[in-house]
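In: Sequence and predicted structure below; questions after.
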Amino acid sequence: MTEKKQYQPQPMNIDYYSVQQQYNNPYDIDLFDLAIQSWKKKSWIVGCAIIVTLLSAIYAFTAKEQWTATATIDAPSFNSIENYYQAYQLIEDGVDRGTTLDTIGERLFKQFISQAGSYNELSNYIRKSTYFQEISSEKSEQNKTILLNEIIDNIKIVKDKDDLIYYISFSADSANQAKNLLAGYMETMASNVSQIQYSQLKTLISNKKNNIKNQMDALKKIAEEQRVEEIDNIKMSLAIAEKSNIKKPELNGMARLDNNNLFLLGSDALSAMFGSIKNKPLALDGSYYNLQRQYINLDKFKVDGSGAQAFNYLKNPSEPISRDKPKRIFIIIAGCILGGFIGAGYVLISVTIQVYSKRYVNFSKENSN
């Protein structure tokens, strides 16, 4: 009978000390215990949130405010450039394709936008404004320059992507100051552009009148030279007729009259012609009188830029409804959240340190025993 070896199950060799060390590691944290300890110090979290919220509220209600007023503009209407357009019609009288109303409006509008966006114009206006003088009265020249550049940097002139529409924005410490600053600048720039354009218009009219006058003088001189030539021809023909003793016309029906045979009219007719041509006005053609008409119209025209405006308001400058900054609600809410995080962080760190210290002390005592 074959002996069979009987195998009995061997007990598992459990490393007790390894498990014990795993649970007795002083650097392990019991999250449940940590949560309980943190909850006991919730007053710290709430208190920190309240303190930071109060500080945020103080800042939100005492920080320097910024308000922005905006105006929306496009090319000027006919009523605001009527006088300017009429002047151009007179200047371009007789031109097949004269400057259209839309072209003039866009030209004036682009001139306004170009000048309104000029740093020099902005700098001169802001520096002379009551607003800037009030907020910079106690600053040094260097700080005034810095403040001036900050104000100019906040000024926006933005074009609509689809239309010839622009948005012009000015910022200030109050809604009323922002509105007044913007309205004053628009008025100042409109006046400057109007003065420049209407001054140029007067120069154009003056140059046009001089040009027309020169053309009229040239036509008159030609007419005078023609009359002198005609008088000389009659005088010569009269002398020939008198020497030839021709008093009456000796022309047949087929004869063609010119300067060479003018004497055939006879001395009587030539004498009458001579007296008549000396006393009659110059024979001027229609081009002279057309120029004369243009000159009279230009001379009588009165350039008036008093009601002119190089743009048209789609939205007038008005006091803004809401401030740009500080955003008080946002700051207070952010302060509350930040305070909560700061308080929670402090509590977690302090509780963690306490737990570490306590477990380390217990672990040391167990090992010593």
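Out: That came in fine, so what should we check first? Numbering: from 1, shown residues only.
In: So Ile234 sits against Leu262, correct?
Out: Yes: Ile234 is within contact range of Leu262, at 7.1 Å (criterion: C-beta atoms under 8 Å). Where C-beta positions appear, they are placed from N, C-alpha and C, glycine not excepted.
In: which residues are common contacts for the two?
Out: Common neighbours of Ile234 and Leu262, using C-beta atoms under 8 Å, 6 or more residues apart in numbering, are Leu270.
In: Looking only at neighbour counts, state which of those two leads.
Out: Ile234 (24 against 18; other C-beta atoms under 10 Å).
In: what helix or strand is the closest residue to Lys213 other than its chain neighbours on?
Out: Excluding the flanking residues, the one nearest Lys213 by C-beta to C-beta, 6 or more residues apart in numbering is Tyr295, at 6.5 Å. Tyr295 is part of helix 286-300, with elements assigned from DSSP states H and E.
In: buried ones in that helix?
Out: By neighbour count on 16 or more other C-beta atoms under 10 Å, the buried set for helix 286-300 is Tyr288, Leu291, Gln292, Gln294, Tyr295, Leu298.
In: mind listing what the residue lying closest to Val158 once chain neighbours are set aside touches?
Out: In space, Val158 comes closest to Tyr167 once its chain neighbours are excluded; the distance is 4.7 Å by C-beta to C-beta, 6+ apart. With contacts defined as C-beta under 8 Å, 6+ apart, the neighbours of Tyr167 are Thr70, Ala71, Thr72, Lys156, Ile157, Val158, Asp160.
In: phi, psi of the fourth one?
Out: I take that to be Lys156. phi -120, psi 130 (degrees, to the nearest 10).
In: repeat for the second one
Out: Listed backbone geometry of Ala71 is phi -120, psi 140, with angles given as degrees, to the nearest 10.
In: Below-threshold pLDDT in the stretch 51-200 of the chain: ranges please.
Out: For the stretch 51-200 of the chain, residues meeting the criterion pLDDT under 70 lie at 62, 94-96.
In: So which residues of it form helices?
Out: Per DSSP state H, counting those that start in this stretch, the stretch 51-200 of the chain carries helices over the ranges 78-91, 101-116, 119-128, 130-135, 141-153, 175-243.
In: re the thing from before, could you single out the nearest of the buried residues of helix 286-300 to Ile91?
Out: Leu298 (7.4 Å; C-beta to C-beta).
In: returning to what we had before: the following helix or strand past the helix holding Tyr295 pairs with which strands, parallel or anti?
Out: Per DSSP H and E, the first helix or strand lying C-terminal to helix 286-300 is strand 312-315. Here strand 312-315 is paired, per DSSP bridges, with strand 67-74 (antiparallel).
In: So which bits of the partner strand are buried?
Out: Using 16+ other C-beta under 10 Å as the test for burial, strand 67-74 gives Trp67, Thr68, Ala69, Thr70, Ala71, Ile73, Asp74.
In: residues making contact with that strand?
Out: The set of residues external to strand 67-74 that reach it, using C-beta under 8 Å, 6+ apart, is 109, 154, 163-175, 177-179, 181-183, 186, 311-320, 323-324.
In: Please spell out the PyMOL selection for the buried subset of the residues you listed.
Out: Command for PyMOL that selects the buried part of those, burial taken from 16+ other C-beta under 10 Å:
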select buried, resi 109+165+166+168+169+170+171+172+175+177+178+179+181+182+183+186+311+312+317+320+323
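In: Now do the SS call for Ala35.
Out: Three-state call for Ala35 (DSSP: H, G, I helix; E, B strand; the rest coil): helix.
In: got it, and Glu250?
Out: coil.
In: from memory it sits against Phe263, does it?
Out: No: at 9.1 Å, Glu250 does not count as touching Phe263 under the criterion of C-beta under 8 Å.
In: Comparing those two, which residue is more hemmed in?
Out: The neighbour count for Glu250 versus Phe263, taken as other C-beta under 10 Å, is higher for Phe263 (21 against 14).
In: that's a strand at the more buried one, yeah?
Out: No: using three-state DSSP, the assignment for Phe263 is helix, not a strand.
In: Leu348 versus that one, what's the distance?
Out: According to C-beta to C-beta, to the nearest Å, Phe263 and Leu348 sit 132 Å apart.
In: quick one on the thing from earlier: now, among the buried residues of strand 67-74, which is nearest to Ile331?
Out: Using C-beta to C-beta, the buried residues of strand 67-74 come closest to Ile331 at Trp67, 16.7 Å.
In: So what's the residue count around Gln322?
Out: No, residue 322 isn't Gln; it's Ser. When neighbours are counted by other C-beta under 10 Å, Ser322 comes out with 8.
In: correction: Leu265
Out: 21.
In: again, but for Asn260
Out: For Asn260, using other C-beta under 10 Å, the count is 10.
In: Quick check: it is in a strand.
Out: No: the assignment for Asn260, made by three-state DSSP, is coil rather than a strand.
In: Met236 versus that one, what's the distance?
Out: Distance from Asn260 to Met236, by C-beta to C-beta: 10 Å.
In: and what of Met273?
Out: 12 Å.
In: who has more neighbours, these two?
Out: Met273 (18 against 14).
In: per-residue confidence at the nearest residue to the more buried one once chain neighbours are set aside?
Out: In this structure, Met273 finds its nearest non-sequential neighbour in Ile234, 5.4 Å apart by C-beta to C-beta, 6+ apart. The confidence metric pLDDT takes the value 79 at Ile234.
In: Next: the one 5 residues further on.
Out: We have a pLDDT of 82 for Ala239.
In: cool, and the one 3 residues further on?
Out: Reading off the per-residue confidence, Glu242 sits at a pLDDT of 80.
In: I figured it hits Gly266, correct?
Out: No: with contacts counted by C-beta under 8 Å, Glu242 stays clear of Gly266, the gap being 9.7 Å.
In: Which one's more surrounded, those two?
Out: Set Glu242 next to Gly266 and count neighbours by other C-beta under 10 Å: Gly266 wins out with 21 against 15.
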